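Engineer: I need the structure of the sequence given here:
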Amino acid sequence: MPLRPVRFFATALVASLAFVACKPTPPAPPVFAPPPTTAPTAAPTTTNASDTHTAHASHGKSKKDVTRWGVDSLDVAVDGNTIHLLLADYATNSKTPALLHLRSTDAGANWSKPVRVEAGATPPLAPHRGMDAQLAVSGAKLVAIWNTAGTGFNGRGPMATAISADGGATWQPGPNPADDGLPSDHSFVDCAADASGTFHLVWLDSRGGPKGLRYANSKDGGKTWSKNATLKPETCECCWNTLAVGTDGSVHTLFRDKNPRDMAVISSTDHGASWSDPAKVGRFNWDFAGCPHVGGGLIVRGSTLHALVWTGATGQSGAYHLSSSDQGQSWSAPQRLGDADARRGDLASTSAQSLAAVWDRVSDGESSIIAAISSNGGKTWTEPKQLSAKGINAAYPRVVAVSGGYRVFWTESVTGQSNVWKSVFLP
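Structural biologist: Model (predicted):
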């Protein structure tokens with residue numbers, strides 16, 4: 001079956017197993033769309049105006065006449081007490097977005113003015129939810145990575161990077177981490193920095209024929225990258241990958257495998273020098289001749305890995321929490337969070353026992369953001385609670401640990417308005 005483009009939008013989501021949604025072209029927007037100020041009615045704490053953001057209205061089209069309008073890509077990274085955010089803002093009459101970096105030093109209550117990241121670098125090719133431009137941070141060093149135009153599927157090509165050595169105040173173009181020199185598709189990137197300051201990077205490319213999972217690292221803040229390694233020569237083609245690093249030098253990658261299309265983890269216990277064989281994270285045995293465009297969440301807490309995975313297997317569809325105490329080689333029995341409509345999820349942890357899980361729920365043509373908390377290491381969870389307001393389409397949540405609790409991010413839209421990003425504090 002040929003691959004299908006990822007065309008998820010917060011403005012029009014459907015719950016079919018095709019898992020590809022489109023939105024109609026909105027009416028011509030005004031020159032500037034003022035930011036909304038209404039906080040989500042179901043949020044656990046009230047958000048102020050700084051918690052709700054919008055972009056200048058836009059009306060750019062990428063290949064296949066896909067319309068992107070406003071903020072359509074989001075990634076978040078935390079280092080110490082600072083939250084870093086990377087947004088793709090599709091500005092008026094632009095076919096490529098501006099990549100904007102913001103940071104917060106007060107758990108996300110207030111944010112710095114946005115700084116342009118990609119100036120002087122190869123422009124990004126249509127980053128969007130599910131294939132977001134990525135950000136990683138270690139102290140004052142930051143690395144941003146995105147996909148550019150090329151000869152691959154849907155016009156995708158090599159990676160491009162930008163690096164900062166001053167906490168995101170200024171940026172300069174960095175090198176392409178891939179060493180194959182090919183103009184073909186290198187996408188579905190994730191990056192994370194460990195305690196030693198090494199940046200770890202994974203992505204999918206087809207240098208060996210089928211799409212496979214590749215790895216590289218940088219020990220100098222993204223100025224140079226290591227020789228690429230193939231972690232799995234063939235994987236699912238269009239699901240995002242997730243990296244998690246431990247304080248013990250371990251590095252773990254969650255990805256969607258192929259035949260069956262269950263999630264799997266590959267782990268390294270020596271800072272990425274060598275890697276284990278892949279281990280299934282929940283044996284759902286999902287036989288699906290296509291790409292669902294859904295990844296998962298993965299975190300390391302002490303000696304335990306926690307994963308949030310999704311399956312569309314008949315009779316088992318939904319989001320599941322699992323844990324591993326042996327570096328990802330074996331996993332606990334899947335524990336379902338939410339109902340069969342729960343889908344794209346993420347995890348965070350503030351302590352050995354406290355976990356937060358977030359996901360979106362697509363039902364009756366509307367998508368909402370749901371959260372649950374565990375205070376006993378994932379053994380039991382609170383009743384799922386909706387964070388987004390009713391009557392809107394909110395999707396692709398991310399969650400990070402902050403002082404006193406968690407900060408949840410997502411993108412949302414109302415018909416005829418540009419996509420915006422939003423965050424709430426979850427105590």
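Engineer: contacts and neighbour counts: CA atoms only from here.
Structural biologist: OK.
Engineer: now do residue 80, the pLDDT please.
Structural biologist: In this model, residue 80 is scored at 93, pLDDT.
Engineer: and for it, the neighbour number?
Structural biologist: A count of neighbours around residue 80, defined by other CA atoms under 10 Å, yields 10.
Engineer: one more: the one 10 residues further on?
Structural biologist: Neighbour count of residue 90, defined by other CA under 10 Å: 30.
Engineer: and for it, nearest residue in space, chain neighbours not counted?
Structural biologist: residue 97 (4.3 Å; CA to CA, 6 or more residues apart in numbering).
Engineer: repeat for residue 170
Structural biologist: Nearest non-adjacent residue to residue 170 (CA to CA, 6+ apart): residue 164, at 6.0 Å.
Engineer: what sits against that neighbour?
Structural biologist: Neighbouring residues of residue 164 by CA atoms under 8 Å, 6 or more residues apart in numbering: 140-143, 170-172.
Engineer: where's the nearest residue to residue 218 once chain neighbours are set aside relative to residue 219, distance?
Structural biologist: Spatially, and ignoring its direct neighbours in sequence, residue 218 is nearest to residue 225 (4.6 Å; CA to CA, 6+ apart). Distance of residue 225 to residue 219, given as CA to CA, to the nearest Å: 8 Å.
Engineer: the two: which is more packed in?
Structural biologist: Comparing residue 225 with residue 219 by other CA under 10 Å, the one with more neighbours is residue 225, at 21 against 15.
Engineer: what about that one, which helix or strand?
Structural biologist: Residue 225 belongs to no helix or strand when assigned by DSSP states H and E.
Engineer: surely it is in contact with residue 201?
Structural biologist: No: counting by CA atoms under 8 Å, residue 225 does not reach residue 201; the two are 9.3 Å apart.
Engineer: what do the two both touch?
Structural biologist: Residues touching both residue 225 and residue 201 (CA under 8 Å, 6+ apart) are 216-217.
Engineer: right, and residue 392 touches residue 413 too?
Structural biologist: Yes: using CA under 8 Å, residue 392 makes contact with residue 413 at a distance of 6.1 Å.
Engineer: now do the phi/psi pair for residue 192.
Structural biologist: Per-residue torsions, residue 192: phi -150, psi 150 (degrees, to the nearest 10).
Engineer: show me what contacts it?
Structural biologist: 135-137, 199-201, 243-245.
Engineer: now these as a markdown table including distance to residue 316?
Structural biologist: Below are the contacts of residue 192 laid out as a markdown table (distance: CA to CA, whole Å):
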| residue | distance to residue 316 |
| --- | --- |
| 135 | 33 |
| 136 | 34 |
| 137 | 37 |
| 199 | 36 |
| 200 | 33 |
| 201 | 32 |
| 243 | 25 |
| 244 | 26 |
| 245 | 29 |
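Engineer: so who does residue 359 touch?
Structural biologist: So residue 359 contacts 319, 342-346, 369-371, 396-397 (CA under 8 Å, 6+ apart).
Engineer: now with 10 Å?
Structural biologist: Listed by CA atoms under 10 Å, 6 or more residues apart in numbering, the contact set of residue 359 reads 296-297, 308, 310, 319, 337-338, 341-347, 368-372, 384, 386, 395-399, 410.
Engineer: if it is in a bridge, with which residues?
Structural biologist: residue 345, residue 370 (DSSP bridges).
Engineer: contacts only, for residue 333.
Structural biologist: Per CA under 10 Å, 6+ apart, neighbours of residue 333: 281-283, 320-324.
Engineer: whichever of those residues end up buried, select them in ChimeraX.
Structural biologist: The buried residues among the contacts of residue 333 can be selected in ChimeraX (16 or more other CA atoms under 10 Å) with this line:
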select :281,282,283,320,321,322,323,324
